[in-house]
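Q: Here's a sequence, model it:
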Amino acid sequence: MKFASVYKLLGLALFIFLVAGCSGDAGGDQTDSETTKLTFWAPFSGGDADFMKALIANFNEEHEEIEVDYLTVPDSEYYTKIRTSVTSNQAPDIAISHASRIAELQSSNLIERLDEIANDAQVDWDSYNQNILSATIVNDEHYAVPLDTHALIMFANKDILQEAGLLDENDMPIIEEGAEGFVQFLTAIKDNTAGDIFPLSATSSGYSALRVWWTLYNQMGGELLNEDGTEANFNNENGLKALQFMEELMEKELWPRNIQDGGELFTAKKAGILLNGVWMTGAFENNEQLNFVALPIPQLFDEQATWGDSHTFVVPASADQSEEKKVASLIFADWIAENSASWAEAGHVPSKTAVVESAEFNELDYRKDYAELTDYVSFMPASAKTTGITDAIAKHISTFMTGQTSAEEMLEILESDVNNILSK
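A: Next comes the predicted model:
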């Protein structure tokens, strides 16, 4: 067991002793005098769930004073169940939240502020990547412990790029700088490969297209909302330029319209480049027929940026939850983050700097090649209306991608919709 974990456990034991001594009762939250039992909810499925269960088993084995019981809640109903559980006073002790949902949960008083609890649990906020950590802070207060970031990256089929003469001596894509260089790169794929090969494959609708636009717009320094979060701030020259670049790729048949599933095309070896999330890494590397590389999206405009979100640990609000349970919950969250190199096998980049720098993480294929994005991944702004706003963007950008509206029209309509959402 690490020394930090030992000190945290000693601190927890002392804290529980003092609370019990003051109250005359350790509380109904513990099933016996030695073990603090925690319920933990998460929307993980597939490989994510398997990796998390293994981490929890290791935590439980190392911590006699804390026992975590894990429950998977289906993603489609997850946040509804979190809200319902809090309002009915049946919330879990600790739960996963995407960083993009934290402000919404906080504004509805569904999660606890963590600063005092984290102090008792001896959580060192400085041990986390500060860019990722920033997405968990609302009104200068901590509301979550970040586990990872999952961001939009670029996958490249090395066999297709080799055929097009676009690999360097290290088997890495040869892409000239800037937006023009990226267009030239995709054009070379189109001109030097079979006619059924897509230069760029990315799903053309919904959140996939939103993530591409957000990445391009942020590379120009774009902001979604004004400084106080009361009005839309994207109907401008850069917001338009990002959409027009996407339109240029489609008009030049470098990114065909109406791609239903870009990942499927890449898996079928019909695409030179795929823009998709890091979560695809694990699936692709299990395909022995797929010769690929995973890299950050190139810097096409003024600064490096890419869309991203984060899995974080939150403590649901509960009038009945004891202080020792809250402290134990953060000891658990911090331990998982500290031991999350195995979590990176799912493709995610861990939130703790030491983990990303560890030998265990760097021995994994592909992940280290895009780990740098932790410093510039761009999160949606902290707003209680983020879900409604992103749903609106996804809806309108899908229409734009089919050619039914112009970039200018889309921004006008979207601006009106977002301002209406913010006004309610």
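Q: pLDDT wise, what is Asp32 at?
A: According to the prediction, Asp32 has pLDDT 51.
Q: And Pro92, how far from Ser76?
A: According to CB to CB, to the nearest Å, Pro92 and Ser76 sit 18 Å apart. Backbone N, C-alpha and C define where each C-beta goes, glycine included.
Q: More neighbours: which of those two?
A: More crowded of Pro92 and Ser76, by other CB atoms under 10 Å: Pro92, with 25 against 8.
Q: for the more buried one, what are its contacts?
A: Applying CB atoms under 8 Å, 6 or more residues apart in numbering, we find Pro92 in contact with Leu38, Thr39, Phe40, Trp41, Leu71, Ser85, Pro316.
Q: same thing with Glu61?
A: Applying CB under 8 Å, 6+ apart, no residues contact Glu61.
Q: Now do the strands in this structure.
A: In the chain, the segments counted as strands under DSSP state E are 36-42, 66-72, 94-98, 137-138, 141-142, 145-146, 148-157, 198-201, 271-277, 292-296, 306-309, 311-314, 349-350, 377-378.
Q: Low-confidence stretches in the stretch 201-350 of the chain?
A: Scanning the stretch 201-350 of the chain for pLDDT under 70 picks out nothing.
Q: follow-up on the earlier one: pick the most deeply packed of the strands of the chain.
A: Sort those by mean neighbour count, taking mean count of other CB atoms under 10 Å, and strand 349-350 sits at the top with a mean of 29.
Q: Pull up the pairing partners for that one, direction included.
A: strand 148-157 (antiparallel) (DSSP bridges).
Q: Measure how far the partner strand is from the centre of its chain, please.
A: Relative to its chain's centre, strand 148-157 lies at 11 Å (CA atoms, centre = their mean, to the nearest Å).
Q: One more: stretch 407-421?
A: Counting by CA atoms, centre = their mean, stretch 407-421 comes out at 26 Å from the chain centroid.
Q: Just the buried residues of it, please?
A: Within stretch 407-421, the residues that qualify as buried are Ala407, Met410, Leu411, Ile413, Leu414, Glu415, Asp417, Val418, Ile421, counting by 16 or more other CB atoms under 10 Å.
Q: Keeping just the C-alphas, turn it into PDB.
A: Taking only C-alpha atoms (Å, rounded to 0.1, in the frame of the first residue of the first chain), the coordinates of stretch 407-421 have been written out as PDB:
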ATOM      1  CA  ALA A 407     -23.500  28.300 -42.300                       C
ATOM      2  CA  GLU A 408     -24.800  31.900 -41.800                       C
ATOM      3  CA  GLU A 409     -28.400  30.700 -41.500                       C
ATOM      4  CA  MET A 410     -27.400  28.000 -39.000                       C
ATOM      5  CA  LEU A 411     -25.600  30.400 -36.700                       C
ATOM      6  CA  GLU A 412     -28.500  32.800 -36.700                       C
ATOM      7  CA  ILE A 413     -31.000  30.200 -35.900                       C
ATOM      8  CA  LEU A 414     -28.800  28.500 -33.300                       C
ATOM      9  CA  GLU A 415     -28.000  31.800 -31.600                       C
ATOM     10  CA  SER A 416     -31.700  32.500 -31.200                       C
ATOM     11  CA  ASP A 417     -32.300  29.000 -29.800                       C
ATOM     12  CA  VAL A 418     -29.500  29.200 -27.300                       C
ATOM     13  CA  ASN A 419     -30.400  32.600 -26.100                       C
ATOM     14  CA  ASN A 420     -34.000  31.400 -25.600                       C
ATOM     15  CA  ILE A 421     -32.600  28.400 -23.500                       C
END
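Q: Not counting it itself, show me its contacts.
A: For stretch 407-421, contacts defined as CB under 8 Å, 6+ apart pick out 231-232, 234-235, 239-240, 243-244, 247, 385, 388-389, 392-393, 396-397, 399-400, 405.
Q: likewise stretch 378-386?
A: Residues outside stretch 378-386 that contact it (CB under 8 Å, 6+ apart): 99-104, 106-108, 134-135, 137-138, 214-215, 218, 223-225, 229, 305-310, 389-390, 421-422, 424.
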